Every structure is written in structure tokens, then in C-alpha cells.
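**Student:** with the sequence up front, the predicted model follows.
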Amino acid sequence: MKQIVCMATSPWYPIPTRKQQVMSRIPDAEILYFDPSVTYLAPIRDKTARPLLSRYRKDGVKPQENITVYSLPPVLPFFNKSRAVNRRNQKRIARFVREKMKQHGFEKPLLWVYSPVTVDLVDLIPHEGLVYDCVDRHSAYGGLMDPELVDRMELELAAKTDMTFATAQGLAERLREAQSATRCIPNGADFDRFVQASQPQPMPEDLKEIPKPIFGFVGALQPCIAYSYIEAAAKARPDWSFVLIGNEKPGADLAELKKLSNVHFLGLRKNAELPRYLAHFDACLNLFASGDLSKDVSPLKFYEYLATGKPIVSTMQPDQVLFYGPLIHIAGSETEFVACCQEALADTQPERALARIAAGKDCSWDRRVEQICQVLRQKGIL
């Protein structure tokens, strides 16, 4: 059985992202999955992070038989601004990872990483192969970082790999400067779960008092979302309802939306519950604001929206949505967004819904992971 050590950038719980979807589908593998570290400054911005400073997951949990999840110990801040700080952090992380590898009898596993900062980790972990899976333009996140340093670390990391994947063409083109074999494999959808929204579902209690039509957004409420589009439509059409499902991230400016009576914030919902909500949306919203980060996003929720068969209204970013132009409604401005929402309400032909479902099935995580595994088998890595 193949042994894999995955250095993730998303904790296994509560929200499944590409990392969990890929790892849970790799066949014949024993996997150690490491949740990312928090920094000692994290509780200043997010009080819920305080317990993670002392009670990070040292003993491991098993979400499925072949996967054990640990949390990495806390680290010093400013590691994206100082290579010296990053090297110190990665040495501490490496000691922890090697200890867990020893406990599980891992000697030279396949090392699978998701962050540029691991460039200073990979040489400290014995491994027989190295995979970097790039899911974002990390240097575009802003905050406490030196973008040039992050970009340099990422290219240095890619050059060390046996295989590099990227979720968007723009990311892949840049990484090919360092690793010519880089392959673009976008994100996908948990198709079997989200296709359930194409069939009648019981209405959640917190939707029952919200008037139709409902335009719904599912995802993290982060700064890169085009909230002004929702504000414009909600003001232009007070008879429409806008429902946002997701947790609010630092830096997201939601003050104006929270003043509007036809905009409803439902908070975070378990992934398994989402099809019940999506089944009662009249249209799904994909709303990335224009920018370097948004351009090369591979939007998980967009592919899940496709699986539902529901009409979709989207901004022009990320670039990947343009491929689905004939099946969705794309707005280049706030005015166009209102018009697209109106068009979406009439987009109810069964053949259109079936075409979106077919597109969603073609983007299923099962197919995406099979593509990844096929590449790794051809390279002799898996």
C-alpha cells in the first residue's frame, strides 16, 4: 500500500476542499494528513483560534480507515515575509511530522504539499517522491506577506517536485517556468451529493419565511467576493431575496448588505445539508470580484452549482467560468447582473438543466482524481 504524507492548507474539518476530496479518493494508500498550523498571533484576529495554540491535534483522528489527521503545532508569524522565520517554523514542523511518520511506520512516503512555504520543509522529510498541488495564486492573498518572496519560494518548490499540478491555466503557465511537466487539473464537484438538489428536497426551516425568488450564494464570505453586485440587485429588486450561506472572513465588507431586509445571512451549514438549500434556490450565484487572486481561482462551488442543474449567474471571473458561457448567465457589471438574474428566472427548460447536470458530472471529483492518479502512474510516482 502506498504511503502518503499530505501537508494541507485547509483543516480536514469542517469544510471539504480539494485537499480532502483528493486524498479521500486515492486508491490503495495509507495517508497522514496534517492540518495547517496557526500562528501565535492568530487569536488576535480570530478568538476561536486560541485553543489551537495548546490543544492542536497530537493524537490523530481517522475520518476514514486509511487516513489519519493530525494538526501541526503553532508557529511564528511573518513567515511569508521572512525566509529565516519560515525556515525556523518548518524545522519545528518537520520534527513533528517525522515523529508521526515513525509512529505509523512511514519511511520514505510520497510527500504531497499545498503551500510555497513547504519549500523549506521538503528536504527535512524523507520521501521517495514530491508532488505540489497549487490551488491558488498564494502571493495575491495580501496581508502579512512579501508577494515576491512567496512567488520565489513557490517556483523553488516547483523545481524540486517530481510532479506539479495547478487548478487553473494561469497558475500552470507560471509554474512551468520551474517544472515543465506541470499539469492543469481544475477543481471538481462531489457530484453524487449535489445532484440531489435537482430533485425535490424538504425545505430547511430557515428558508421557510424567505420570499421567492431566492438567489443563493454558498461559500466563504471573503474579501474577493463582489458584494456590490448583490447590493445593486437587492436595491433594484426589493421583491427578490438573496441568501448567503457561509462564514464571514476577516476583511469582508458586509456592512451595506446587512442593512438590506431582502439579504439574508444564514451562516455556515454542513456540507451534507447544502443540497436541501440549493434545491430551493431559483438561481445560484458565483460572485468573484475582478483581481489577480480571482482570475486564477478554480471555484469549487461553481462546479457544485452545475451538478444541481440550477440556473447560474456569474461575474466574469474566474476565467474558468467563461468555458461554460452557453449554460450560464455572465455579468460584466452591476447593471448586467440585475439583467442576468432576471434572465435566470426564465432559464427553466428541462434540457438546459440536464446540460448543466451533465457538465457537473464531467467535473466530478471521481474523474478529477482519476486524472491526477493517471498522470502520477505514467510518471512512476504512484
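**Tutor:** Structure received.

**Student:** return the helix or strand in the chain with minimum mean pLDDT.
**Tutor:** Least confident helix or strand, the chain: helix 42-45 with a mean of 66, by mean pLDDT, DSSP states H and E.

**Student:** after it, which helix or strand is next? Please name it.
**Tutor:** strand 61-64 (DSSP states H and E).

**Student:** and the following helix or strand past that following strand, average pLDDT?
**Tutor:** Of the helices and strands lying after strand 61-64 in sequence (DSSP H and E), the nearest is strand 67-71. For strand 67-71, mean pLDDT rounds to 96.

**Student:** quick one: strands adjacent to strand 67-71?
**Tutor:** Applying DSSP bridges, strand 67-71 is found paired with strand 29-35 (parallel), strand 61-64 (antiparallel).

**Student:** give me whichever of these is most buried.
**Tutor:** Among the strands paired with strand 67-71, ranked by average contacts under mean count of other C-beta atoms under 10 Å, first place goes to strand 29-35 (a mean of 21). In short, each C-beta sits where N, CA and C put it, glycine included.

**Student:** name the surrounding residues that touch that one.
**Tutor:** 1-8, 10-12, 19-20, 23, 56-57, 66-72, 97, 100-101, 104, 106, 109 (C-beta atoms under 8 Å, 6 or more residues apart in numbering).

**Student:** not counting sequence-adjacent ones, nearest residue to residue 376?
**Tutor:** Sequence neighbours aside, residue 382 is the residue nearest to residue 376 in space, at 3.6 Å (criterion: C-beta to C-beta, 6 or more residues apart in numbering).

**Student:** tell me the SS of the closest residue to residue 163 other than its chain neighbours?
**Tutor:** Counting by C-beta to C-beta, 6+ apart, residue 131 is the residue found nearest to residue 163 once chain neighbours are left out, at 5.2 Å. Here residue 131 is recorded as strand under DSSP: H, G, I helix; E, B strand; the rest coil.

**Student:** on that earlier part again, of the contacts of strand 29-35, buried ones?
**Tutor:** 2-8, 11-12, 19-20, 23, 56-57, 66-72, 97, 100-101, 106, 109 (16 or more other C-beta atoms under 10 Å).

**Student:** now the strands: where do they sit in the chain?
**Tutor:** For the chain, the strands defined by DSSP state E cover 2-7, 29-35, 61-64, 67-71, 110-113, 129-134, 163-166, 183-184, 214-218, 241-245, 263-267, 283-286, 312-315, 329-331.

**Student:** now render these as JSON lines, adding distance to residue 369.
**Tutor:** As requested, the strands of the chain are arranged in JSON lines below (distance: least, C-beta to C-beta, whole Å):
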{"stretch": "strand 2-7", "distance to residue 369": "13"}
{"stretch": "strand 29-35", "distance to residue 369": "11"}
{"stretch": "strand 61-64", "distance to residue 369": "14"}
{"stretch": "strand 67-71", "distance to residue 369": "14"}
{"stretch": "strand 110-113", "distance to residue 369": "12"}
{"stretch": "strand 129-134", "distance to residue 369": "11"}
{"stretch": "strand 163-166", "distance to residue 369": "11"}
{"stretch": "strand 183-184", "distance to residue 369": "13"}
{"stretch": "strand 214-218", "distance to residue 369": "22"}
{"stretch": "strand 241-245", "distance to residue 369": "26"}
{"stretch": "strand 263-267", "distance to residue 369": "30"}
{"stretch": "strand 283-286", "distance to residue 369": "23"}
{"stretch": "strand 312-315", "distance to residue 369": "24"}
{"stretch": "strand 329-331", "distance to residue 369": "29"}
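
**Student:** please name whichever of those strands is nearest to residue 192.
**Tutor:** Among the strands of the chain, the nearest to residue 192 by C-beta to C-beta is strand 61-64 (16.1 Å).

**Student:** off-centre distance for that closest one?
**Tutor:** In terms of C-alpha atoms, centre = their mean, to the nearest Å, the centre of strand 61-64 is set 20 Å apart from its chain centre.

**Student:** pull the CA atoms of it into CSV?
**Tutor:** Output of strand 61-64 as CSV, limited to C-alpha atoms (Å, rounded to 0.1, in the frame of the first residue of the first chain):
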residue,chain,number,x,y,z
VAL,A,61,-8.4,11.2,14.2
LYS,A,62,-9.5,8.8,11.4
PRO,A,63,-12.1,10.3,9.0
GLN,A,64,-11.8,7.0,7.1
